[in-house]
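A.B. asks: predicted model, plus sequence, below.
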Amino acid sequence: MDLSHQPVEISIDQCIKCNICTTVCPVSAVTDLFPGPKYEAPQAGRFRQANQPTPDRSVDYCSGCRACNLACPTGVKIAEMNARARATMVQQGKISQVYRLRNNLIARAELVGRLAQPIAPLANTVLRFKPARFAMEKMLGIAREAPFPTISSHRFTPWFQRHLREQRENLAMGSHGRQVVYFHGCSTQYYEPRIGRAAVHVLERNGFEVIVPPQNCCGLPLLSNGEFTAARKYHTSNVQKLVEYARQGIPIVGTSTSCTLTLKEEAPELLDMYDEDTTLVAQQTFDLNEFLVSLLDQGLLDLDLQSIPLTLPYHVPCQYRGHRLGRPGVEILDCIPELRVVESEAACCGIAGTYGFKVEKYQIAMQVGEPLFAFIRESGAPVVICDSETCRWHITHATSLPAIHPIELLAAAYDYQPEGALAEVLP
């Protein structure tokens, strides 16, 4: 049965009650507050009727990691059902006003970044001031221990504009007409601009002219918190800004695996947005490692790489698994001479976007991530590799080890001067 472009609830009848989804759920494994994917999605879904009070309470403890979706042998869209049930709870006022305010605040990384970036040193000091964090926990329910990222003192896009002016002649000579759109996301814009710089270097090294159009938050944090109305505005805005490039057949690539999955699949599916423009943008969107692997497969990837003699642990985030691409990050890193990548077998780091920032879920997030944290501690490595920004922040919070994006290693192998933690590791 073809379930594409159908409401996710249609897949309820595909459930064969095998409980495989429950065996892979990282949340139900550590807490009784969440009874498991089968109970919450296809089972409870049969009792959800339009315009009726939702029977859900525990569904809000679903982290949206999609492990259940990937394990389901019949294609039931479990995580999507839970996300829609959460949205119904929001719509019906079943989330307290304080927690809804909290959810909207932590789900708007772009707004927080835009307001805080001009006063980054002060904002970072406040966010690390224990009395302030205690007050945030008591007043808003934001866990005092949660791993807030460091706000960068400069944004990615002004750097890119300066870079374009400096490199315009070289780009014109070296691109051979090949162009690529870079969707940087909120984390690169306001928190980790070094990742955007590394991505631009890698793409230009491979002969592409990089285009960075106006863009906004992908809306995934809002979707994850049941704020579908606001998320729809975000996604519609991005589609309008990106669709002209998609019509020209220009690939849209991103370094945030969560952002690219949202553009590809999560927003269209959860919001029932299957219009021509949304579908076209989804079809032209690629995770950056996915895009680079396609170049590798065609023999077009520049393999003139310097060696990096390190053995590093690598965690594939849940959202990356949701792309159903295999391990493109590992395939790319395997191209770097002397670099040895040891993959994590852990199911999830636990943070799940904004999930682990909430006081009622912080300890669950830490318990879910403990197998990963133990693996990382035992590795004895100087840094950890991970594709997701929130996973990187959570890993560093739990292990005290800095975490980097795979593209930073590839850029360094292309002779790009490493930044941040990688600069301290490489000679």
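C.D. replies: Structure's in. What do you need?
A.B. asks: pull the contacting residues for the residue nearest the centre of the chain.
C.D. replies: Closest residue to the average C-alpha location of the chain: residue 258 at 2.6 Å, with CA atoms, centre = their mean. Taking CB atoms under 8 Å, 6 or more residues apart in numbering as the criterion, residue 258 is in contact with 185, 218, 220, 317, 319, 353, 388-390. The way it works is simple: take the backbone N, C-alpha and C, and place the C-beta from them, glycine included.
A.B. asks: which secondary structure element contains it?
C.D. replies: Under the criterion of DSSP states H and E, residue 258 resides in helix 257-261.
A.B. asks: ok now that helix, how far from the chain's centre?
C.D. replies: Centroid separation for helix 257-261 versus its chain: 5 Å, with CA atoms, centre = their mean, to the nearest Å.
A.B. asks: hey, C-alpha coordinates of it in PDB?
C.D. replies: The C-alpha trace of helix 257-261 is given here as PDB (Å, rounded to 0.1, in the frame of the first residue of the first chain):
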ATOM      1  CA  THR A 257      20.600  17.200   9.500                       C
ATOM      2  CA  SER A 258      17.500  18.300  11.400                       C
ATOM      3  CA  CYS A 259      16.900  21.300   9.100                       C
ATOM      4  CA  THR A 260      17.300  19.300   5.900                       C
ATOM      5  CA  LEU A 261      15.000  16.500   7.200                       C
END
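A.B. asks: where are the low-confidence patches of the chain?
C.D. replies: Counting by pLDDT under 70, the ranges of the chain that qualify are 1-7, 46-56, 169-176.
A.B. asks: per-domain residue ranges of it.
C.D. replies: According to automatic domain parsing, the chain comprises the domains 8-91, 98-140, 156-297, 311-425.
A.B. asks: got the end-to-end distance for the first one?
C.D. replies: Put plainly, it is domain 8-91. Chord length of domain 8-91, first to last residue, is 18 Å (CA to CA, to the nearest Å).
A.B. asks: so what's the gap between that domain and the chain middle?
C.D. replies: The chain centroid and the centroid of domain 8-91 are separated by 21 Å under CA atoms, centre = their mean.
A.B. asks: residue ranges of the strands in the stretch 151-300 of the chain, please?
C.D. replies: Shown for the stretch 151-300 of the chain, the strands assigned by DSSP state E, counting those that start in this stretch span residues 179-183, 209-211, 252-254, 285-287.
A.B. asks: how about CSV for those strands, with mean neighbour count and distance to residue 61 added?
C.D. replies: Compiled in CSV, the strands of the stretch 151-300 of the chain are given as follows (neighbours: other CB atoms under 10 Å; distance: least, CB to CB, whole Å):
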stretch, mean neighbour count, distance to residue 61
strand 179-183, 22, 30
strand 209-211, 18, 41
strand 252-254, 25, 29
strand 285-287, 24, 28
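A.B. asks: out of those strands, nearest to residue 233?
C.D. replies: strand 179-183 (17.4 Å; CB to CB).
A.B. asks: before we move on, back to that, closest one to residue 304 among the domains of the chain?
C.D. replies: The stretch from those with the least distance to residue 304 (CB to CB) is domain 311-425; that distance is 7.9 Å.
A.B. asks: residue contacts, the nearest residue to residue 289 once chain neighbours are set aside?
C.D. replies: Nearest non-adjacent residue to residue 289, counting by CB to CB, 6 or more residues apart in numbering: residue 328, 4.0 Å away. Residues counted as contacts of residue 328 (CB under 8 Å, 6+ apart) are 287, 289-290, 292-293.
A.B. asks: include distance to residue 424 when you put those into TSV, please.
C.D. replies: Formatted as TSV, the contacts of residue 328 follow (distance: CB to CB, whole Å):
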residue	distance to residue 424
287	27
289	24
290	29
292	25
293	29
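A.B. asks: before we move on, the earlier item: any idea how far the residue nearest to residue 289 lies from residue 408?
C.D. replies: 16 Å (CB to CB, to the nearest Å).
A.B. asks: check residue 195 too.
C.D. replies: Distance of residue 195 to residue 408, given as CB to CB: 7 Å.
A.B. asks: if anything else comes up later, I'll come back, but that's it for now.
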